[in-house]
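Q: Okay, sequence plus prediction incoming.
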Amino acid sequence: MGLHFDLAYGTGTLPLDLPDGLEPVVLVANEQPALPDAVQAVRDGLKNPIGAEPLVKQLKDKKPEKIVVVVNDETRPTPYYAFFPPLVEAFEEAGIRDDQVTFVIATGIHDPHSKELNEKTYGKHMTDRFKFISHIAKDDDSLVHMGRFDSGYEFYVNKLAVEADFLITVGVVMPHYFAGFSGGRKSILPGLAGFRTVEQNHARMVELMDNLPPIRQNPVSLEMIEAARMVGVNFIINAVTGSNKEVVKIVAGDLVAAWYEAVETSSSMFEIPFEKQVDICVSSACGYPRDVNMYQAQKALDHADRITRDGGTIILVTESPSGYGEDVFERWMREGMTPQQIMDRIRTNFVMGGHKAYGFAKVAANKKFILVSSLSAEDSLPLFATKAESVQAAFDAALAENPGATVAVLPQGSLTLPVQSEA
């Protein structure tokens, strides 16, 4: 018997069986053991933070009247069950009233949350007790101008963060296809930034995607740190999670020092070396919520692109029940441009949403793209994709075209970042 895979798809899985004799490259995370008690790890982090005074001591010393806690939206699986109890305990110990605390949802340019989605994401016990407000990047009345970055770009950010007397950010540190890693400073930019600020910051992704610099030299990431410092983040609480969302590390404290410590752990887990590019790559977008739409699933496509040779075939597995997931992205894909026209357009006129179109176009320009998703064949075509009815059918057809093909399988395609070993 050959290898069998159950690839994550929405809230379920799809099967893939490889034939006998095939020796695929299988890239999976270097899993670390889950913390025995993630809640206690957060408590410990708040009491013994990295590069900062304990949280309760800071709150008692500063006596803030307005506290803002920045949290992720639904697209970022975040272990709030571990974060919230110790955080609320710290507020209570410091004498902070519930009405002094506002949770601001770092939607970036995503849609705001509904009341029901807030309850699902954060828990009704939290949304009944505290105020939760979604950031809206295009709502100019909710933004304040903070000046310019060193790059010259204008910085607009949610005024609730600026008006806070004490600002805490909560996040998860994972590889990111052009910012290097999520978490830390990303809670502010793009999380709470104005639309144009996000657009200008992300414009450099075009040159970074194929040649990602080390995280401490990444200009997009460094500008995100600059933004978080300008706003005045006082304290961060971040987790590194494994492929099953289990918490393997908690960091708390200084915006930069604590985050870089989490980056080292995440890098050791998810940056996976490979020797040679392959002919066929199967990549799963890791199931819900990472495969909620094509906008999110593009990360798994980008990771597959790195390990697939020009002329090869990528099979992307993503349920994407919400379809394309973003209006500008969908409009660009449906306008009938060629991959090269999309790439040329984004280089001359960068717009958010168009950057995701670029992500699909750069793959389609050099590779065959097969899609296993809930999208119809008609809706798959604008993505430069051929719809397959199953992962097995897609793989069998690709192998029939090239019986001697080399193969890679990325069961955690949105998480694992293939890194080519130096010769």
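A: Okay, I see it.
Q: can you map out the strands along the stretch 251-400 of the chain?
A: Here the stretch 251-400 of the chain has its strands, by DSSP state E, counting those that start in this stretch, at 271-274, 278-284, 308-317, 368-372, 386-387.
Q: Thought Gly253 was touching Gly45, still the case?
A: Yes - Gly45 is within contact range of Gly253, at 7.4 Å (criterion: CB atoms under 8 Å). To be clear about C-beta, it is placed using only N, CA and C from the backbone, and glycine gets the same treatment.
Q: Mind giving me the packing neighbours of the lowest-mean-pLDDT helix or strand in the chain?
A: Within the chain, no helix or strand scores below helix 205-208, which has a mean of 84 by mean pLDDT, DSSP states H and E. Packing contacts for helix 205-208, counted by 3 or more CB pairs under 8 Å, 6 or more residues apart in numbering; DSSP states H and E, involve helix 219-231, helix 354-364.
Q: what would these look like in CSV with mean pLDDT?
A: Below are these laid out as CSV (pLDDT from 0 to 100):
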stretch, mean pLDDT
helix 219-231, 97
helix 354-364, 95
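Q: Let me know whether my guess that Ile236 is in a helix holds.
A: No - read with DSSP: H, G, I helix; E, B strand; the rest coil, Ile236 is strand and lies in no helix.
Q: The closest residue to it other than its chain neighbours bridge partners, please.
A: Ranked by CB to CB, 6 or more residues apart in numbering and with sequence neighbours excluded, the top spatial neighbour of Ile236 is Thr169, at 4.9 Å. Beta bridges link Thr169 to Val70, Ile236 when assigned by DSSP bridges.
Q: quick one: low-confidence parts of the stretch 101-250 of the chain?
A: By pLDDT under 70, the stretch 101-250 of the chain has no low-scoring segment.
Q: And the helices in it, which stretches?
A: 115-122, 124-127, 159-163, 195-202, 205-208, 219-231 (DSSP state H, counting those that start in this stretch).
Q: how about the ones you listed, which one is nearest Ala398?
A: For these, the distance to Ala398 is smallest for helix 205-208, at 28.8 Å, taking CB to CB.
Q: Same question for the closest one: list its buried residues.
A: For helix 205-208, the neighbour count (16 or more other CB atoms under 10 Å) marks 205-206, 208 as buried.
Q: Out of those, which is nearest to Tyr288?
A: Met205 (25.2 Å).
Q: contacting residues around Tyr122?
A: By CB atoms under 8 Å, 6 or more residues apart in numbering, Tyr122 lies in contact with 71, 80, 84, 103, 132.
Q: Which of those residues fall in strands?
A: Secondary structure from DSSP state E places 71, 103, 132 of the contacts of Tyr122 in strands.
Q: For those residues, give me CSV that also has neighbour count and distance to Val240.
A: Output for these, formatted as CSV (neighbours: other CB atoms under 10 Å; distance: CB to CB, whole Å):
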residue, neighbour count, distance to Val240
Val71, 24, 17
Phe103, 21, 22
Phe132, 20, 25
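Q: nearest to Ser243, of those?
A: Of all those, Ser243 sits closest to Val71, with 22.2 Å by CB to CB.
Q: Tell me how far Thr61 lies from Gln420.
A: Actually, residue 61 is Asp. It isn't Thr. 49 Å (CB to CB, to the nearest Å).
Q: With Glu319 instead?
A: 30 Å.
Q: returning to what we had before: now that we have the ones in strands among the contacts of Tyr122, can you turn them into JSON lines and tack on distance to Pro49?
A: Supplementary listing: the ones in strands among the contacts of Tyr122 in JSON lines, determined by distance: CB to CB, whole Å:
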{"residue": "Val71", "distance to Pro49": "19"}
{"residue": "Phe103", "distance to Pro49": "20"}
{"residue": "Phe132", "distance to Pro49": "25"}
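Q: ok, which stretches of the stretch 51-200 of the chain are strands?
A: 67-72, 101-106, 131-134, 143-148, 154-158, 166-172, 175-176, 180-181.
Q: Reformat the ones you listed as a markdown table; add distance to Leu189.
A: Below are the strands of the stretch 51-200 of the chain laid out as a markdown table (distance: least, CB to CB, whole Å):
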| stretch | distance to Leu189 |
| --- | --- |
| strand 67-72 | 11 |
| strand 101-106 | 10 |
| strand 131-134 | 17 |
| strand 143-148 | 10 |
| strand 154-158 | 8 |
| strand 166-172 | 11 |
| strand 175-176 | 13 |
| strand 180-181 | 14 |
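Q: between the ones you listed, which gets nearest to Asp17?
A: Closest among these, using CB to CB: strand 175-176, at 28.7 Å.
Q: tell me what the closest one is packed against?
A: Strand 175-176 is packed against helix 257-270, with contacts defined by 3+ CB pairs under 8 Å, 6+ apart.
Q: which parts of the helix it packs on are buried?
A: Under 16+ other CB under 10 Å, the buried positions of helix 257-270 are 258-263, 266-267, 269-270.
Q: Output it as PDB, restricted to C-alpha atoms.
A: The C-alpha trace of helix 257-270 is given here as PDB (Å, rounded to 0.1, in the frame of the first residue of the first chain):
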ATOM      1  CA  ALA A 257      11.700  41.400  22.500                       C
ATOM      2  CA  ALA A 258       8.800  39.100  23.300                       C
ATOM      3  CA  TRP A 259       7.700  38.800  19.700                       C
ATOM      4  CA  TYR A 260      11.100  38.000  18.400                       C
ATOM      5  CA  GLU A 261      11.400  35.200  20.900                       C
ATOM      6  CA  ALA A 262       8.100  33.700  19.600                       C
ATOM      7  CA  VAL A 263       9.400  34.100  16.000                       C
ATOM      8  CA  GLU A 264      12.300  31.900  16.800                       C
ATOM      9  CA  THR A 265      10.000  29.100  18.000                       C
ATOM     10  CA  SER A 266       7.600  29.500  15.100                       C
ATOM     11  CA  SER A 267      10.500  29.500  12.600                       C
ATOM     12  CA  SER A 268      11.900  26.300  14.100                       C
ATOM     13  CA  MET A 269       8.500  24.700  13.700                       C
ATOM     14  CA  PHE A 270       7.200  25.800  10.400                       C
END
